[in-house]
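Chemist: just the structure for this:
(one chain, ligands or ions: 1)
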Amino acid sequence: MPTVLSVILPVSGLFLISLLLQLRRVARSVGNLAGLFFLIGPNTDSGELIARIAPSARYLTPGTAWMQKRKYGDFAAAGKDAISLVTAFPWPKSDLLLADAAAIKEVTTLRAKFPKPVYRYAILTAFGPNIVASEGAEWKKYRKITAPPFSEKNYKFVWDETIHIVTDLFDSIWRDKSSIVVDHCLDITLPLALFIIGAAGFGRRMTWTSDLVVPPGYQMAFKDALHILSSNLSLYILLPRWARNLTKLTKEVHLASVEVKKYMLEMVQARRNADKAEERHDLFSGLLDAARHEQDDGTALTKDELIGNMFIFLLAGHETTAHTLCFTFALLALHPDEQERLYEQNKGVIASLNGIPMYEDMGRFTYSLAVLYETLRLFPPIVSIPKIAAGDTILTVNNIDGGKTTVPVPSGTDIELNVSALHYNPRYWKDPHRFIPERFLGDWPKDAFIPFSQGARACIGRRFFETESVAIMTMLVSNYKIEVKEEPEFAGETFEERYARVTAFDHAITTFPLRVPLVFKKR
Ligand code: HEM
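Modeler: Down below sits the predicted model:
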């Protein structure tokens, strides 16, 4: 009788040899490009979850937020603006990571040659198919339905709503206090961004006094349910039904998902009732009109598609904005000289106007936009944009020694446009680790700045974000001086230590700041 060991050992040996041969084959497929090796693929849903549970171990997983933590480091070590990422599980494969502006532009421009690998977006379909997680004809339909409200007329509305919401914050919460201390700036920027997409995108006006509490029939406020769910989407997607009540976290995530859906269905019902009384042209109206079509002539939405797209716009429309604004205020607090420069520029522009700045004046707040861009360069919320090679091809990238490397890219290769690495690539950015908003005032390398992606699949909400954020910064920096909250346990830290602490981050769908304690002092 063979012992268990005498069966297991040869079988495991064969498995190991086969795995090593497969790994050698996938590494060769991209020309044996230098790069990284991890047992578990970090860019899969299960990989994300394992990275969260397991500590970052050298060859197991790089841990969470690894691209933003490593920035350009792995490319510098390889001496090239393309590296490989070889992983063994869930299946052996070699991804191609790019930090070369020209190669990235080629990939984003040639949409049919390098489409979105939709299988990588399964996590975003929690409530149904949608514009972010689709390709081809399906994506074209969603884009056609949702694009019209992203127009100048509606940006004016975004600006006015933002001014209204910030004024409401000043008048009803901050009132005449000379200083406002916040333990984490996200507590301000998350509701702020949610209120703006709620009002300007979905016609749902929320207020600081009523919408932060739990309404009757619910157990969570809308912003909390949305935040809990988006921070734990991979857990929610992978969680089997039977495991929903396993831990406090799984219970909370399940409850958040139920409540988010209930809030969205309530919004649909409320708008359908109100629409009988008035005509609107916002994002929500476009979605609802499409969902009313009886027959699918290529412009109709099913109920799942309606809810899936509502969820994605609510999520994409507020998390990225909230995180970016929070990092922006952190950086301004850490760099008082830059904040003063911004204040002076804003003061100058406002003094030349008759009253409150309007949307038409936005173009004059050049320094505000430069500060936002510099924040997005240093802390892009989306650190990597995945694409897939639809056929065998090649890509050419720069080497650090001035030469070029041509990389074979076989059909089916996953390509990562590494936003963090590109944004810290010294070929394009002088002193890439320093906060220098001024670099965005003159001539700057447009193709090396891709926080919103590029090409046909670029962010539809870019101008929406810029409009609300410039309006918020104009209001806030003109009225308040932003400082890092002094805490006795951090007395005596160096600037570098303080910078690392205040801008510390993690990643869950997007990169988010861990804790930004600030004081807003009335000017
Ligand atoms: C700081 C703010 C923002 C950043 C950095 C950002 C970034 C991005 C990026 C990188 C993509 C491409 C994702 C991919 O290819 O996987 C994207 C797509 C998208 N974004 Fe944004 N975004 C921001 C704000 C917004 C806002 C405010 C909205 C809505 C009001 C929005 C809605 C969308 C949508 C719907 C898409 C999918 C577009 C398509 O595939 O056609 N985003 N965004």
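
Chemist: where exactly do the strands run in the stretch 51-200 of the chain?
Modeler: Taking DSSP state E, counting those that start in this stretch, the strands of the stretch 51-200 of the chain run over residues 82-89, 93-98, 179-182.

Chemist: how about the residues of the chain near the ligand?
Modeler: Taking CB under 6 Å from any ligand atom as the contact definition, the chain meets the ligand at 131-132, 143, 197, 201, 313, 316-317, 320-321, 324, 381-382, 385, 451-453, 457, 459-461, 464-465. For every residue, glycine as well, the C-beta is placed using N, CA and C.

Chemist: would you mind giving me the ChimeraX syntax to select the buried ones in those residues?
Modeler: Listed next is the ChimeraX selection for buried residues among those, using 16 or more other CB atoms under 10 Å:
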select :131,132,197,201,313,316,317,320,321,324,381,382,385,451,452,453,457,459,460,461,464,465
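
Chemist: so which of the residues of the chain next to the ligand belong to strands?
Modeler: Cross-referencing the residues of the chain next to the ligand against strands under DSSP state E gives residue 385.

Chemist: helices - which of the residues of the chain next to the ligand land there?
Modeler: 143, 313, 316-317, 320-321, 324, 464-465 (DSSP state H).

Chemist: max pairwise distance over the residues you listed: which two?
Modeler: Greatest spatial distance among those (CB to CB): 143 and 324, at 23.3 Å.

Chemist: so residue 394: helix, strand or coil?
Modeler: strand (DSSP: H, G, I helix; E, B strand; the rest coil).

Chemist: list the residues that contact it.
Modeler: The contact partners of residue 394, by CB atoms under 8 Å, 6 or more residues apart in numbering, come to 406-409.

Chemist: how about the backbone phi and psi for residue 91?
Modeler: phi -150, psi 150 (degrees, to the nearest 10).

Chemist: numbering from 898 from now on, please.
Modeler: Happy to do that; since the first residue is 898 now, the last one works out to residue 988.

Chemist: state the distance from it to the ligand.
Modeler: According to CB to the nearest ligand atom, to the nearest Å, residue 988 stands 22 Å off from the ligand.

Chemist: now residue 908
Modeler: In this structure, residue 908 and the ligand are 40 Å apart, going by CB to the nearest ligand atom.

Chemist: check residue 1190 too.
Modeler: For residue 1190, the distance to the ligand equals 21 Å [CB to the nearest ligand atom].

Chemist: and that residue, how many neighbours?
Modeler: For residue 1190, the number of neighbouring residues by other CB atoms under 10 Å comes to 12.

Chemist: how about it, what does it touch?
Modeler: 1196-1198.

Chemist: mind putting the residues you listed into JSON lines with pLDDT?
Modeler: Output for the contacts of residue 1190, formatted as JSON lines (pLDDT from 0 to 100):
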{"residue": "1196", "pLDDT": "77"}
{"residue": "1197", "pLDDT": "88"}
{"residue": "1198", "pLDDT": "92"}
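
Chemist: quick one, which of these are buried?
Modeler: The neighbour count (16+ other CB under 10 Å) marks 1197-1198 as buried among these.

Chemist: format the contacts of residue 1190 as TSV; extra columns: distance to residue 1059.
Modeler: Formatted as TSV, these follow (distance: CB to CB, whole Å):
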residue	distance to residue 1059
1196	31
1197	33
1198	28
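
Chemist: still on that earlier bit, would you list the ones in helices among the residues of the chain next to the ligand in TSV and tack on pLDDT?
Modeler: Shown next, in TSV, are those (pLDDT from 0 to 100):
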residue	pLDDT
1040	95
1210	93
1213	90
1214	88
1217	94
1218	96
1221	98
1361	96
1362	98
